[in-house]
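Asker: turn this into a model:
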Amino acid sequence: MDLITKDSNTTQVLFSSLDRVLENVEYMITNYRPVLGGEHYLTSEEVCQKLCISKRTLQDYRDTGLLGYVQLPGKIIYKESDIERMLLKYYRKFSSI
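Answerer: Residues are numbered from 1 along each chain as shown. The predicted structure follows:
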């Protein structure tokens, strides 16, 4: 029976595999978007970042009905398709006259 130490080949392979698993988990955590009923949802922070608006402005959009949302216990999420529709509806082309 061989002695397994931190410098042995078996240990090195194990640590290498664990590093790859950790990288994959970190990637999934940062890039995963929940899908409910085929729809992607964004958090308030993600919406504010995408639209370059403040949290207060986002709340105004909710209060006036400009942007729909789903309220879960302790969290508000937004349909990505609703945000895209709102952007298309209020998009104004720049004209240099």
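Asker: for the rest of this, base every contact and every neighbour count on C-alpha atoms.
Answerer: Will do.
Asker: where in this structure is pLDDT low?
Answerer: 1, 33-35, 96-97 (pLDDT under 70).
Asker: all strands for it, in order.
Answerer: For the chain, applying DSSP state E gives strands covering 35-36, 39-43, 70-72, 75-79.
Asker: so which of the ones you listed is nearest Arg20?
Answerer: The closest of the strands of the chain to Arg20 is strand 35-36. By Cα to Cα, the value is 25.5 Å.
Asker: C-alpha coordinates for stretch 45-64, CSV please?
Answerer: The C-alpha trace of stretch 45-64 is given here as CSV (Å, rounded to 0.1, in the frame of the first residue of the first chain):
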residue,chain,number,x,y,z
GLU,A,45,-29.9,45.4,-9.0
GLU,A,46,-29.6,43.9,-12.5
VAL,A,47,-32.4,46.0,-13.9
CYS,A,48,-30.9,49.2,-12.5
GLN,A,49,-27.5,48.3,-14.0
LYS,A,50,-29.0,47.5,-17.4
LEU,A,51,-31.1,50.6,-17.6
CYS,A,52,-28.6,52.9,-15.9
ILE,A,53,-31.2,54.1,-13.3
SER,A,54,-31.3,54.4,-9.6
LYS,A,55,-33.3,52.1,-7.3
ARG,A,56,-35.7,55.0,-6.6
THR,A,57,-36.4,55.5,-10.3
LEU,A,58,-37.0,51.7,-10.6
GLN,A,59,-39.5,52.0,-7.8
ASP,A,60,-41.2,54.9,-9.6
TYR,A,61,-41.5,52.6,-12.7
ARG,A,62,-43.2,50.0,-10.5
ASP,A,63,-45.5,52.5,-8.8
THR,A,64,-46.7,54.1,-12.0
